[in-house]
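Chemist: generate coordinates for the sequence data below:
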Amino acid sequence: MKTLALAVFILATVHCFAQDLQCLSPSRFYIPAYKANWFKATEHCNSLGMRLAVITTAEDNFHIIEAIKSSSIYNETRTQVWIAGSDLAQKGEFIWQPTGTWFSYTRWMPGQPDNAGGIEHCTEIRHIPALDVHWLWNDLYCADLHNFVCENAAPRRVVP
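Modeler: Model prediction:
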């Protein structure tokens, strides 16, 4: 049993380094210390075998916020982070890009999503205390550069 536990730990460590992560065990979330547009963020997460974070429950939202707050990108004055939602496929219908499912849980800022200027189609989590915005969602121009949250997702079983 101890041999199996050691093997799992070693594989997890190798997996983390293979993903260019600084970790000793696999974690649900990975928040790179650089900014990217929404498309590049999606591509980066996918290249790691992960996905841009999907939030389907208040519990998911809480865990993502905690991961952000404990990461090197957190700034108590202003933090903006891409998540996997967009209405790129159908204007006004926000879906989670990795799963193709509609939003069943949301934490939109008041008046959002608003597609300001007709160009806001990607979803961010925003924390700007000076504006009384505390970890709420906003639609934003997908080409803007922000930090982002990748997540390990349980593989889905495909039924033939």
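Chemist: what about the strands in this protein?
Modeler: Listed in chain order, the strands of the chain (DSSP state E) span 29-30, 51-52, 79-86, 95-96, 101-102, 120-128, 133-141, 147-148, 150-151.
Chemist: Serialize those to CSV and add fields for distance to residue 58.
Modeler: Backbone N, C-alpha and C define where each C-beta goes, glycine included. Converted to CSV, the strands of the chain look like this (distance: least, Cβ to Cβ, whole Å):
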stretch, distance to residue 58
strand 29-30, 16
strand 51-52, 19
strand 79-86, 14
strand 95-96, 16
strand 101-102, 17
strand 120-128, 13
strand 133-141, 11
strand 147-148, 21
strand 150-151, 16
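Chemist: residue 42: which of these is closest?
Modeler: Among the strands of the chain, the nearest to residue 42 by Cβ to Cβ is strand 51-52 (4.9 Å).
Chemist: want to throw the strands of the chain into CSV with mean pLDDT, mean neighbour count and distance to residue 111?
Modeler: Output for the strands of the chain, formatted as CSV (pLDDT from 0 to 100; neighbours: other Cβ atoms under 10 Å; distance: least, Cβ to Cβ, whole Å):
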stretch, mean pLDDT, mean neighbour count, distance to residue 111
strand 29-30, 96, 20, 28
strand 51-52, 98, 22, 24
strand 79-86, 98, 24, 17
strand 95-96, 98, 20, 21
strand 101-102, 97, 10, 20
strand 120-128, 98, 23, 12
strand 133-141, 98, 18, 10
strand 147-148, 98, 26, 24
strand 150-151, 97, 24, 28
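Chemist: and these: which comes nearest residue 108?
Modeler: Closest among those, using Cβ to Cβ: strand 133-141, at 4.9 Å.
Chemist: using PDB, list the CA coordinates for the closest one.
Modeler: Output of strand 133-141 as PDB, limited to C-alpha atoms (Å, rounded to 0.1, in the frame of the first residue of the first chain):
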ATOM      1  CA  VAL A 133     -17.300  44.900  -6.800                       C
ATOM      2  CA  HIS A 134     -16.500  41.800  -4.800                       C
ATOM      3  CA  TRP A 135     -15.900  38.700  -6.900                       C
ATOM      4  CA  LEU A 136     -18.700  39.200  -9.400                       C
ATOM      5  CA  TRP A 137     -18.900  38.200 -13.000                       C
ATOM      6  CA  ASN A 138     -18.700  40.600 -16.000                       C
ATOM      7  CA  ASP A 139     -18.800  40.200 -19.800                       C
ATOM      8  CA  LEU A 140     -15.800  41.700 -21.400                       C
ATOM      9  CA  TYR A 141     -14.000  42.200 -24.700                       C
END
